[in-house]
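J.: just coords:
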C-alpha cells in the first residue's frame with residue numbers, strides 16, 4: 001500500500017483552482033494506494049478557502065486545506081512538504097493550480113515510478129493550452145518537443161512531478177526561501193537532489209494540461225521568462241562544476257549567434273524564427289546576469 005499526497009499551491013486563482021481540483025475527481029486511481037489532495041493557499045486572506053469548502057462534501061478523496069502566510073512559491077511548497085511529512089506519505093506530487101490532469105495521469109505516474117523501484121523522481125508531460133487566434137509567430141514559441149519516456153533529466157519543474165519520500169524525508173531537502181518571489185527554486189531543488197544521488201526520469205504518458213492566459217503570450221513576457229530561466233541556468237551550471245569564465249564565454253557566443261539570426265530573419269520576414277532568436281538572446285543575457293548574482297521577482301504579480 002502506498003500513500004500519495006497531491007499538493008496544489010495556489011494564490012488568488014480560484015477559478016483555475018476549481019478546474020484543477022475537479023479534474024482530480026475524474027482521474028483513475030492506482031491499485032493499492034491511498035490518495036490525499038492538499039491545497040496550500042499562499043494568500044494570507046484565504047481567498048481559496050470557499051472554493052475548497054464547496055468541494056468537500058462531494059470530493060471522492062481526502063481533501064485538506066492550509067494557508068501558508070509567508071508569501072512566495074518556495075514557502076508554499078515547503079508548507080506542502082511539512083504536511084506530507086505529517087501525513088507520513090510515501091510520495092509527494094506537485095501540480096500547478098492552472099493545470100488539469102488527464103484521466104490516466106496518476107496511474108501512469110505511479111506505475112512508471114514503481115517500474116523503476118519507486119525511489120526516483122518522475123516528471124510528467126505538460127501540454128500548453130493557448131488562447132484562440134494567436135498569430136503563428138507567437139503560438140509557435142510554445143511548440144516544445146515532447147520528452148520521451150525514460151529520458152534522464154538533470155533537473156525539472158514542479159508543474160507535474162512525483163517525489164519519493166527519500167528526497168523530502170530521508171535527505172530532508174527543502175525549497176530555498178532566500179528570494180521567495182524569484183523563479184527557479186524548483187530547478188535548484190532538483191539539481192540539489194541529483195547532486196545527492198537522486199535520479200529524475202521523464203514519463204510522457206503522465207499528462208497534464210496548462211492554461212496559458214493572454215497575458216503570457218506577449219513576446220515581452222516570454223523574453224522575461226527566458227531571462228529568468230537563464231539566471232537559473234547559470235546557477236545550475238555552476239552547481240554542476242562549470243567555471244564562471246566558461247559560462248560567460250559560452251553565453252557571449254550564443255548572444256552573437258542569436259543577434260545574427262535575429263537580423264537575418266528580420267530581413268527575410270521570418271517572424272517565428274526571429275522571435276525564437278530573441279528568446280535565445282534573452283536567455284543568454286540572463287545567464288550572464290546570473291553570474292553576477294542578479295535575481296528577478298517573477299511571482300510578485302500573478303496571471304490568471
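T.: Alright, I've got the coordinates. Predicted model, so just to flag it, every value in this text is computed and none were measured.

J.: quick one: contacts for residue 3?
T.: Residues in contact with residue 3, defined by Cβ atoms under 8 Å, 6 or more residues apart in numbering, are 33-34, 36, 87-91. Quick note: C-beta positions are derived from backbone N, CA and C, even for glycine.

J.: And the contacts of stretch 212-221?
T.: By Cβ under 8 Å, 6+ apart, the residues outside stretch 212-221 that reach it are 128-131, 134, 138, 142, 222, 275, 278, 303-304.

J.: what about it, start to end distance?
T.: One end of stretch 212-221 sits 12 Å from the other (Cα to Cα, to the nearest Å).

J.: neighbours around the closest residue to residue 130 other than its chain neighbours, how many?
T.: Of all residues not flanking residue 130 in the chain, residue 212 sits nearest, at 5.1 Å (Cβ to Cβ, 6 or more residues apart in numbering). For residue 212, the count of nearby residues is 17 (other Cβ atoms under 10 Å).

J.: Same check on residue 213?
T.: Residues near residue 213, counting by other Cβ under 10 Å: 14.

J.: ok, now the one 4 residues further on?
T.: Counted with other Cβ under 10 Å, the burial measure for residue 217 works out to 18 neighbours.

J.: Give the phi and psi angles for it, as a check.
T.: Phi and psi for residue 217, reported as degrees, to the nearest 10, are phi -110, psi 0.

J.: before we move on, back to that, of all the contacts of stretch 212-221, which comes closest to residue 40?
T.: Proximity of the contacts of stretch 212-221 to residue 40 (Cβ to Cβ) peaks at residue 304, which lies at 17.8 Å.

J.: Could you list the residues in contact with stretch 262-280?
T.: 135-138, 140-141, 219, 222-223, 226, 254, 257-259, 261, 281.

J.: Tell me the span between the first and last residue of it.
T.: One end of stretch 262-280 sits 10 Å from the other (Cα to Cα).
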